[in-house]
Each structure stands twice: as structure tokens, then as C-alpha cells.
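Engineer: got a predicted structure plus its sequence, pasted below:
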Amino acid sequence: QARLVESGGGLVQAGGSLRLSCAASGRTFSSATMGWFRQPPGKEREFVAAINWIGSTRYADSVKGRFTISRDNAGNMVYLQMNSLKPEDTAVYYCAADQRRTIVPDTSLGRYDYWGQGTEVAVSS
């Protein structure tokens with residue numbers, strides 16, 4: 001059974017950094033597009049970043065230049081390096097997998113087939 005498990009969340013001051021990790025198991029995700037989404041308190045879940053099987057990436061405008069998504073197919077891992085964090089980055093962050101071998105990573109929640117349970121990130125001002 002496919003499973004995604006996030007880790008690395010926590011409390012950090014504004015301007016600080018965190019690195020989120022997502023461990024995939026139960027099947028191979030080497031050809032999948034892997035994405036990070038987040039759900040701020042009281043708001044809907046939104047796209048953050050995605051990376052496809054050939055390493056093409058997409059980012060939400062709000063995180064461009066601050067966040068970097070990467071993957072390690074051999075280890076079935078996906079990472080989100082978050083720098084220059086802001087209070088508005090506070091959210092539960094979710095890892096997700098889109099099984100399709102896409103040329104351009106999709107930003108739509110509905111395209112993703114598998115989801116992790118989420119990890120909380122809190123940024124204090």
C-alpha cells in the first residue's frame with residue numbers, strides 16, 4: 001500500500017529555515033510528479049511546489065526564490081527546503097504524488113493520487 005510520510009516541521013522565527021522531508025513507500029514513485037501543498041489555519045489547501053520525474057519544477061509565486069523542492073528517486077524521498085520563512089508560511093504542509101508522467105508538474109490538488117498526513121510549520125514574527 002502506497003504511503004507518504006512527512007517530517008521536519010516545527011516552530012521557527014521569521015527569517016529562519018526548515019527542511020521538510022517526505023518518505024514514500026509501498027510502491028515506486030520514480031516516475032511520479034511529487035508535490036508539496038499547504039493549508040494555513042482557517043484556509044483552503046494550496047499548491048506550494050512540485051517536481052516531475054525529469055526534475056522540472058514549479059512553484060507558487062508566494063514561495064519563489066525562498067523554497068526549493070528536490071527529490072532522491074533512489075531513496076524514494078522528496079524534500080522542501082524553506083528559507084527566509086515568513087509568518088504567512090504558517091500551515092500544515094502535505095506531500096503528494098501524481099502518478100502520471102507529466103512534462104509540466106501539475107498544480108491542481110485533484111491531480112494528486114496519494115497524500116501524506118501532513119507536518120505542521122509555525123513561523124513566529
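Structural biologist: It's in. Note that the structure is predicted; figures quoted are calculated from it, not measured.
Engineer: in the protein, which spans are strands?
Structural biologist: 3-7, 10-13, 18-25, 33-39, 46-51, 57-59, 67-72, 77-82, 91-98, 114-115, 119-124 (DSSP state E).
Engineer: identify the bridge partners of the residue nearest the centre of the chain.
Structural biologist: Note on the chain: the residue nearest the mean C-alpha position is W36, at 2.0 Å, using C-alpha atoms, centre = their mean. In this entry, W36 is beta-bridged to A49, C95, by DSSP bridges.
Engineer: OK, contacts around the nearest residue to F47 once chain neighbours are set aside?
Structural biologist: In space, and not counting its chain neighbours, F47 is closest to T107: 4.2 Å by C-beta to C-beta, 6 or more residues apart in numbering. Where you see a C-beta, it was placed from the backbone N, CA and C, and this is true even at glycine. Counting by C-beta atoms under 8 Å, 6 or more residues apart in numbering, T107 makes contact with 35, 47, 50, 58, 60.
Engineer: which of these tops the neighbour count?
Structural biologist: With neighbours taken as other C-beta atoms under 10 Å, the top of those is G35, carrying 29 neighbours.
Engineer: nice, that's everything, thank you.
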